[in-house]
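Trainee: This is the structure alone, sequence omitted:
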C-alpha cells in the first residue's frame, strides 16, 4: 500500500470511488476543487497501481476538519479505513501541514479514530445490540456509522444477512423488510434514508431470534467439503434418455402430490448422509409452528417406514 498527494490524473479514479461508496457522491466540480483549494489537503491510497481510497482534510487556521474519507467496500474489512486517515495525516504533517496535527473533526464528532474502529463498531452493534436485544444501542451504533460517513447501502446489506442469520424462521418477515430497506436507501440516499435504517434496526432488534437456518447452512457446507462428490441417489435422478432409464434413473421415485398426506418416505440424501438432520427448529416466534409441523412430518414417516 502506498499513500501520496492527489494529482489531476487521479480524478477519474476518485469519480469511481465516489460513485461506488456514496449515495450523495461529490460532483466533478467538487472533486476538481480539491486540486485548486488552498485549504484542502487530499491524499490517495494505492494498492499497486489501483487507487482504493482517499482522505480529504480542510485546514482553516488552527482547526483541521475531516471533509471526506472514502475507501472501496472490499478493502474496508482489512482495517484500512483507519489506516488511511492516520497515514494521510502523517503524510500531511511531513509535507508541512502543521495544523493537521490538531484534532480533526467531522461535524461535531471526533474523527481521528472514527474509521479505525469501523470493524469493531459494525460487529459490536450487529452481534450485541440485535441479538440481545438492545434496540436503543442498535439505533445509536447504526447512526454512529452513518454520521461517520459509512455508505448506507453497506449497512443495509449487512442487515439483509442478519435478517436470515440471526432472525431467520423465527420471523420470516424480517428478510423482505431488510430488502425493502435496501431499496429505500438506494432510491433516496442520505440523509433521508436514515429513518428507514432506523426502522429496520428497531424491527430486527425486537424480533424473535433464531440461528437455526444459519446452523443448518454451516453444517451442510461442512459435509459437502468433507464429502464433495457423494453420488445423487438414483430415485431422484431424471431419466432423460433410454440409457438412463435402463440404468434405473428415477426408479422408485415417489410423487408427493399423488399421496393423500402429500408426504413420502423417499430418501433424498446421499447414502453416506442418511439420517442427517441439518435444520433443528427453535421454539422462538413463528419457528415454533415450523417445529410443530416438522414433528408431524417425522411422526408420519416413522409410522409409515418401510411402506
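Mentor: Alright, I've got the coordinates. Not measured: the values here are computed from a predicted model.

Trainee: Can you report the mean pLDDT over the residues of the strand ranked longest in the chain?
Mentor: Scanning the chain for the longest strand, with DSSP state E as the assignment, gives strand 50-60. What strand 50-60 shows for mean pLDDT is 76.

Trainee: next one: stretch 195-203
Mentor: 95.

Trainee: Same question for stretch 291-305.
Mentor: 91.

Trainee: Could I get the buried residue list for it?
Mentor: Residues of stretch 291-305 classed as buried: residue 291 (neighbour count, 16 or more other Cβ atoms under 10 Å). Every residue, glycine included, has its C-beta placed from N, CA and C.

Trainee: contact partners of that stretch?
Mentor: 261, 263, 265, 279, 281, 282, 283 (Cβ atoms under 8 Å, 6 or more residues apart in numbering).

Trainee: tell me the pLDDT at residue 141?
Mentor: 81.

Trainee: and after the helix or strand encompassing it, which helix or strand comes next?
Mentor: When elements are assigned from DSSP states H and E, residue 141 belongs to helix 135-147. Once helix 135-147 ends, the next helix or strand along the chain (criterion: DSSP H and E) is helix 152-162.

Trainee: Distance from the chain centre to that following helix, please.
Mentor: Distance of helix 152-162 from the chain centroid (Cα atoms, centre = their mean, to the nearest Å) equals 5 Å.

Trainee: And stretch 171-188, by the same measure?
Mentor: A distance of 13 Å separates the centroid of the chain from that of stretch 171-188, by Cα atoms, centre = their mean.

Trainee: ok, back up a step: by contact count, what packs against the longest strand of the chain?
Mentor: helix 11-21, strand 40-47, strand 63-71, helix 80-94 (3 or more Cβ pairs under 8 Å, 6 or more residues apart in numbering; DSSP states H and E).

Trainee: do that again at 6 Å, thanks
Mentor: For strand 50-60, the elements it packs on are strand 40-47, strand 63-71, helix 80-94, judged by 3 or more Cβ pairs under 6 Å, 6 or more residues apart in numbering; DSSP states H and E.

Trainee: What is the neighbour count of the nearest residue to residue 282 once chain neighbours are set aside?
Mentor: Closest residue to residue 282 apart from its sequence neighbours, by Cβ to Cβ, 6 or more residues apart in numbering: residue 210 at 4.6 Å. Residue 210: 26 surrounding residues under other Cβ atoms under 10 Å.

Trainee: before we move on, the earlier item: most neighbours among the contacts of stretch 291-305, which one is it?
Mentor: Using other Cβ under 10 Å as the neighbour criterion, residue 281 leads the contacts of stretch 291-305 with 22 neighbours.

Trainee: any idea how far that residue lies from residue 222?
Mentor: 20 Å (Cβ to Cβ, to the nearest Å).

Trainee: ok so, going back, partner strands of the longest strand of the chain, parallel or antiparallel?
Mentor: strand 40-47 (antiparallel), strand 63-71 (antiparallel) (DSSP bridges).

Trainee: buried residues in that strand?
Mentor: 51, 52, 53, 54, 55, 56, 57, 58, 59.

Trainee: next one: stretch 210-222
Mentor: Using 16+ other Cβ under 10 Å as the test for burial, stretch 210-222 gives 210, 211, 212, 213, 215, 216, 217.

Trainee: Determine which two of those are furthest apart.
Mentor: 210 and 217 (12.7 Å; Cβ to Cβ).

Trainee: wait, what's in contact with residue 284?
Mentor: Going by Cβ atoms under 6 Å, 6 or more residues apart in numbering, residue 284 touches 170, 208, 210.

Trainee: May I see these organised as a markdown table, with secondary structure added?
Mentor: Below are the contacts of residue 284 laid out as a markdown table (DSSP: H, G, I helix; E, B strand; the rest coil):
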| residue | secondary structure |
| --- | --- |
| 170 | helix |
| 208 | coil |
| 210 | coil |
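
Trainee: And for the helix or strand residue 225 falls within, what's in contact with it?
Mentor: Using DSSP H and E, residue 225 falls within helix 212-226. With contacts defined as Cβ under 6 Å, 6+ apart, helix 212-226 is touched by 164, 165, 168, 169, 278, 279, 280, 281, 282.

Trainee: Good, wrapping up.
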